[in-house]
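Engineer: Build me a model from this:
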Amino acid sequence: MSEPKPAAVTPVSQDELKALVGRAALQYVVAGEIVGVGSGSTVNKFIEALASMRDQILGAVSSSVASTQRLQALGIHVFDCNEVERLAVYIDGADEIDPQGHMIKGGGAALTREKIVAAQSAKFVCIADESKLVPTLGKFPVPVEVIPMAVQRLVRQFAVIGGSARLRMREGTPLVTDNGQNILDVAGLQIKDPRSFESEVSQWPGVVTVGVFAFQKAQVCLLATPAGVRTMIF
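Structural biologist: Coordinates of the predicted model:
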């Protein structure tokens, strides 16, 4: 008699993984409080899940215009950041995260507002799929929000430290952030000391925000895997 064939494993799509981790993040939302909400495709799934708790929270502070619009469309009140002294938790994604909770963020061009909301929050919960976990930051180009007049000088300055910086474009013209600035994407770096890198680059004239989140790192990371959600505590 022939051996029975193993049951076929149904592939889990990226969309399903994002929805899985978005729902898992609800456990960190504090009832009766205002929640910090990031931006990006994974956070969009969290926003959809958050609609089920809209009557249990006071509202949200959002890190992007796009997220604000999504929250409001679901009936969740969005507070201006200046109206809120402290947030219990901030839920956001990452382009990369290392084993210590340091992240690269800014693929969606909202890094400055994300860093502001993260700094205002008692806890940062990162939601991502397992492909975003890396031993060393830098495979994903580091986004840097910059003042337009400083673009070429900063391209040259990144070249000195081994980085290849390119101006992010959209439909043939330089991308303009919600803050009216540009984005440089810097490839070719291996960031072994994220705090030192963030501190140094943040001081370069013309840099608004560097997309390395070391000072505002995650305290918790929920990683979506085909086997379920893996929780990492830092």
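Engineer: The lowest-mean-pLDDT helix or strand in the chain packs against which elements?
Structural biologist: Among the secondary structure pieces of the chain, namely its helices and strands, helix 14-24 has the lowest mean (mean pLDDT, DSSP states H and E), a mean of 94. If contacts are counted by 3 or more CB pairs under 8 Å, 6 or more residues apart in numbering; DSSP states H and E, helix 14-24 sits against helix 41-50, strand 124-129, strand 220-225, strand 228-233. Placement of C-beta: from N, CA and C, glycine included.
Engineer: so how far is the first one from its chain's centroid?
Structural biologist: On the basis of CA atoms, centre = their mean, to the nearest Å, helix 41-50 is displaced by 13 Å from the centre of the chain it belongs to.
Engineer: Show me the contact partners of that helix.
Structural biologist: By CB atoms under 8 Å, 6 or more residues apart in numbering, the surrounding residues in contact with helix 41-50 are 18-19, 21-23, 25-26, 29, 35, 37, 57, 60, 67, 70-71, 74, 76, 91-93, 127-129.
Engineer: could you redo the last one with a cut-off of 7 Å?
Structural biologist: In this structure, residues lying in contact with helix 41-50 by CB atoms under 7 Å, 6 or more residues apart in numbering are 18-19, 21-23, 25-26, 29, 37, 67, 70-71, 74, 76, 91-93, 127-128.
Engineer: just stretch 187-202 next, same as before
Structural biologist: Stretch 187-202 has contacts (CB under 7 Å, 6+ apart) with 102, 136-138, 141-142, 144, 162-164, 207, 210, 212, 214-215.
Engineer: Which members of these are classed as buried?
Structural biologist: 102, 137, 138, 141, 142, 144, 163, 207, 210, 212, 214 (16 or more other CB atoms under 10 Å).
Engineer: Serialize these to CSV and add fields for secondary structure.
Structural biologist: CSV is the format used below for these (DSSP: H, G, I helix; E, B strand; the rest coil):
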residue, secondary structure
102, coil
137, strand
138, coil
141, coil
142, strand
144, strand
163, coil
207, strand
210, strand
212, strand
214, coil
